[in-house]
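Asker: Got a predicted model here, sequence first, then my questions.
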Amino acid sequence: MKSPIIKTENYIIRPFKKEDALLWQVWDTDVEIQAHMPEPKNELQKIQEQYDYIEECENDEEGYYWSIDSDEKTIGTVSLTEIDDHHKSAELGIVIGDKNFWGKGVATEVIKSIINNAIQELNIEYISAEVEEANIGMQKVFIKCGFEQDGKFINSRVKEGQRINVLHFGINK
Ligand SMILES: CC(C)(COP(=O)(O)OP(=O)(O)OC[C@H]1O[C@@H](n2cnc3c(N)ncnc32)[C@H](O)[C@@H]1OP(=O)(O)O)[C@@H](O)C(=O)NCCC(=O)NCCS
């Protein structure tokens, strides 16, 4: 689906560009950034695979995918996927890949804008998100944005050989 451009107070949320893939190659292999992501390994992907992924995202009829730009550079990605037109629901994912921007309110500002846009423009009434129990930063962000924890998947993921819990958050129109 064509992802709309969304302007927040300090950032521009825009569809992926081919050159974003070069940044992902750095972010995808950064142990700190990947610490609470579901993928099992931080392996470098071939650039062509990243280009293919951008094309898949553009053709995904159930998802919106964006990069987040500050004034001077691209600093992260955000998505609404698993969009269900009947239930008017979607799942949110976010990565602030530029660690210089952590703790500066980027995720909070971006997610609030995505929620407003989803409700006002995209006909979405319920947004969910999954977050590993140890990912305290992400949980704080969701709560600041108005999400409530509405579930817990006990021992549902494997992280470094241990089974861990995943929390489910949701927000309603
Ligand atoms: C988690 C993440 C999205 C947070 O983004 P961010 O832009 O740094 O978050 P914000 O600056 O909006 O933070 C909002 C609040 O959470 C707190 N916070 C953020 N990261 C934190 C952390 N690692 N530990 C504790 N608190 C944290 C902030 O201090 C702030 O609290 P305050 O308002 O009381 O000061 C970012 O660290 C990230 O992309 N991490 C890697 C990828 C990831 O884990 N994605 C989520 C997968 S579910």
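Answerer: Arrived safely, thanks for sending.
Asker: use CA for all of it now, contacts and neighbours both
Answerer: OK.
Asker: residue ranges of the helices in the protein, please?
Answerer: Taking DSSP state H, the helices of the chain run over residues 20-27, 31-34, 47-59, 106-120, 136-144.
Asker: Near the ligand, which residues of the chain? Just list them.
Answerer: 33, 36-37, 94-97, 102-108, 130-131, 136-138, 140-141 (Cα under 6 Å from any ligand atom).
Asker: Would you write a ChimeraX line that selects the buried entries of these?
Answerer: Those of the residues of the chain next to the ligand that count as buried under 16 or more other Cα atoms under 10 Å are selected in ChimeraX with:
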select :33,36,37,94,95,96,97,106,107,108,130,131,138,141
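Asker: Residue 1 and the ligand, how far apart?
Answerer: 22 Å (Cα to the nearest ligand atom, to the nearest Å).
Asker: Look up the closest residue to that residue, ignoring the ones flanking it.
Answerer: residue 61 (5.2 Å; Cα to Cα, 6 or more residues apart in numbering).
Asker: State the distance from that neighbour to residue 85.
Answerer: 11 Å (Cα to Cα, to the nearest Å).
Asker: got it, and residue 107?
Answerer: Residue 107 is 26 Å from residue 85, by Cα to Cα.
Asker: cool, and residue 48?
Answerer: For residue 48, the distance to residue 85 - Cα to Cα - is 32 Å.
Asker: who's more crowded, the two?
Answerer: Between residue 48 and residue 85, counted using other Cα atoms under 10 Å, residue 85 has the larger neighbour count: 13 against 10.
Asker: Contact partners for that one?
Answerer: residue 124 (Cα atoms under 8 Å, 6 or more residues apart in numbering).
Asker: ditto for residue 91
Answerer: 79, 80, 81, 82, 83, 127, 128, 129.
Asker: now swap in residue 21 and tell me
Answerer: 47, 50, 51.
Asker: Apart from its neighbours in sequence, what residue is nearest residue 96?
Answerer: Closest to residue 96 by Cα to Cα, 6+ apart is residue 76, at 4.2 Å.
Asker: Please read the previous query as pertaining to residue 71.
Answerer: Nearest one to residue 71, counting by Cα to Cα, 6+ apart, is residue 11 at 7.1 Å.
Asker: Which residues are in contact with that neighbour?
Answerer: Per Cα under 8 Å, 6+ apart, neighbours of residue 11: 68, 69, 70, 71, 110.
Asker: phi, psi of it?
Answerer: phi -140, psi 160 (degrees, to the nearest 10).
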